[in-house]
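# Provided below are the primary sequence and the corresponding predicted coordinates.
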Amino acid sequence: MTSLVHHNVDGAVARLTLDSPHNRNALSTALVEQLLQGFSDAAAEPGVRVVVLGHNGGTFCAGADLSEAAGQDPGEIAVGRAREMTKLLRAILELPVPVIGAIDGHVRAGGMGLVGACDLVVAGPQSTFALTEARIGVAPSIISLTLLPKLSPRAAGRYFVTGEKFGAAEAAEIGLITQSADDVEATVAAVAGEIAKGSPQGLATSKALTTAAILRGFDRDAEDLTRQSAQLFVSDEAREGMMAFLQKRPPSWVS
């Protein structure tokens, strides 16, 4: 199997690095499975106190891998993808060690959900963010579970519908990330060093206090949002939107 997620441990820090440059680290089924395994393996390491989630290439994560839908039943793909994403986001939130997102590249759609699930996020000057779902006829249904608790209401009301790009400074101001930094690696190393001073019990319990409300939202809303996501995915508008995206042309509703 091709390795799409690299995992290494250095002292108290486990690093998971997305490495699927051919599709801009899109959330293919294989990448999601490897990422889930990476988080599980990191949490099982006795000395690990923090996980850093980073990326190779100029894109952190481009969202769902739309090319995987070709030739398969759209309904099954839609439900399966929604459940994969919910499982991944919940795994990050439930992990007993903090997760730091280390980003210096582009983040789109489902990749934004990963950002929302991380406990801390440091983003560099090459970072751009956008929620582009509405532009292809769908919505950020599942990832709203991690984004809405983090974003300011006004920012969510804007960026959920406009699909605009914004940078690290704006992302920090609206609560999407913890801070912007010119040197992401140095900043992440410093923060990880502070976290590493915590005890396993202290870190797990402290993190759980910050994620409890978000997890309650998962239990309440995930199934309804899974159905919503699936219904949107198989709609005529979404078919047109995704085809237009793959063909690199404007969709029919754009004059």
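That came in fine, so what should we check first?
# show me where the stretch 1-150 of the chain has strands.
Assigned by DSSP state E, counting those that start in this stretch, the strands in the stretch 1-150 of the chain fall at 5-10, 13-18, 50-55, 59-61, 99-103, 106-108, 120-123, 128-130.
# Tell me which other helices or strands the first one touches.
Secondary structure elements in contact with strand 5-10, counted by 3 or more CB pairs under 8 Å, 6 or more residues apart in numbering; DSSP states H and E, are strand 13-18, helix 29-44. Heads up, the C-betas are built off the backbone N, CA and C, glycines and all.
# If we use 10 Å, what do you get?
Identification of packing neighbours for strand 5-10 by 3 or more CB pairs under 10 Å, 6 or more residues apart in numbering; DSSP states H and E yields strand 13-18, helix 29-44, strand 50-55.
# ok, now the fifth one?
Judged by 3+ CB pairs under 10 Å, 6+ apart, the packing partners of strand 99-103 are strand 13-18, strand 50-55, strand 59-61, helix 74-94, helix 110-117, strand 120-123, helix 184-195.
# tilt between that strand and helix 29-44?
Here strand 99-103 runs at an angle of 130 degrees relative to helix 29-44 (axes from the mean of the first three to the mean of the last three CA atoms, to 10 degrees).
# Just give me how far strand 99-103 sits from the chain centre.
Computed by CA atoms, centre = their mean, to the nearest Å, the chain-centroid distance of strand 99-103 equals 10 Å.
# Who does that strand pair with, and is each partner parallel or antiparallel?
strand 50-55 (parallel), strand 120-123 (parallel) (DSSP bridges).
# coming back round to it: right, and the helices and strands packed on strand 99-103 - which one's nearest residue 28?
Taking CB to CB, helix 74-94 is the member of the helices and strands packed on strand 99-103 nearest to residue 28, at 9.6 Å.
# Name the residues of the closest one that are buried.
Buried residues in helix 74-94, defined by neighbour count with 16 or more other CB atoms under 10 Å: 77-86, 88-93.
# ok, back up a step: columns mean neighbour count, distance to residue 226 and mean pLDDT on top of the strands paired with strand 99-103, output as a markdown table?
Listed next are those as a markdown table, based on neighbours: other CB atoms under 10 Å; distance: least, CB to CB, whole Å; pLDDT from 0 to 100:
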| stretch | mean neighbour count | distance to residue 226 | mean pLDDT |
| --- | --- | --- | --- |
| strand 50-55 | 25 | 24 | 98 |
| strand 120-123 | 26 | 25 | 98 |
